[in-house]
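[1] Below: sequence and its predicted model.
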Amino acid sequence: MARTKSMRSLLLLLLLSPLSTVTASSAAYPTIPGTTDTSVSASQDSKLISIRREVYGDGRIFDITHKYRSDLPSFAKENGLGKFLWLRESMKNGSSANISEMKLITHTGTHVDAPGHYHDHYFDAGFDVDTLDLEVLNGN
């Protein structure tokens, strides 16, 4: 009985959580002055379409990320990335959710190297990617 009640509560929470995501999306990605609104909208066939633009300061950030594919070049891999994504658990096999697993070398696709990647003294000092100045990365 208690488990059924818990499952109903969880189901209700899961059903309502997208509503908060939809309403918060425009605050998370504010409109760039002179561009269109970034809010989520519904098309005529009622499918949600996320109009997303990212901003940093007064400029734009352009997503130059390459799509992950098995033949995408990857560090020290002659034939590219290979198999990198698989379904670890499946609802078809009794799992409560479909759970995918992804495995890839950090030097795959579009990425930024941490200062400590090629300079051991920076690595020892803890200079990770999060220590990089976004002003420099955005060309300012």
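    Nice, I can see it.

[2] make it CA atoms for all contacts and neighbour counts henceforth
    Fine.

[3] Number of residues surrounding residue 129?
    By other C-alpha atoms under 10 Å, the residues close to residue 129 number 13.

[4] same thing with residue 109?
    Applying other C-alpha under 10 Å, I find that residue 109 has 19 neighbouring residues.

[5] Isn't it up against residue 66?
    Yes: if you go by C-alpha atoms under 8 Å, residue 109 and residue 66 touch, sitting 6.0 Å apart.

[6] Show the contacting residues for residue 85.
    Residue 85 makes contacts with 100, 101, 102, 103, as judged by C-alpha atoms under 8 Å, 6 or more residues apart in numbering.

[7] Take the residues you listed and write them to JSON lines, including neighbour count, secondary structure and pLDDT.
    Output for those, formatted as JSON lines (neighbours: other C-alpha atoms under 10 Å; DSSP: H, G, I helix; E, B strand; the rest coil; pLDDT from 0 to 100):
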{"residue": "100", "neighbour count": "11", "secondary structure": "strand", "pLDDT": "95"}
{"residue": "101", "neighbour count": "10", "secondary structure": "strand", "pLDDT": "95"}
{"residue": "102", "neighbour count": "10", "secondary structure": "strand", "pLDDT": "93"}
{"residue": "103", "neighbour count": "10", "secondary structure": "coil", "pLDDT": "91"}
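
[8] List just the nearest of these to residue 71.
    Nearest to residue 71 among the contacts of residue 85: residue 103, at 14.4 Å, using C-alpha to C-alpha.

[9] Give me the phi and psi for the nearest residue to the closest one once chain neighbours are set aside.
    Closest residue in space to residue 103, ignoring its immediate chain neighbours: residue 84 at 5.1 Å, by C-alpha to C-alpha, 6 or more residues apart in numbering. With angles defined as degrees, to the nearest 10, residue 84 sits at phi -130, psi -10.

[10] pLDDT score for residue 84?
    The model reports residue 84 with a pLDDT of 91.

[11] how far away is residue 104 from residue 93?
    Using C-alpha to C-alpha, to the nearest Å, residue 104 is found at 26 Å from residue 93.

[12] and if you look at residue 118?
    For residue 118 relative to residue 93 (C-alpha to C-alpha), the value is 44 Å.
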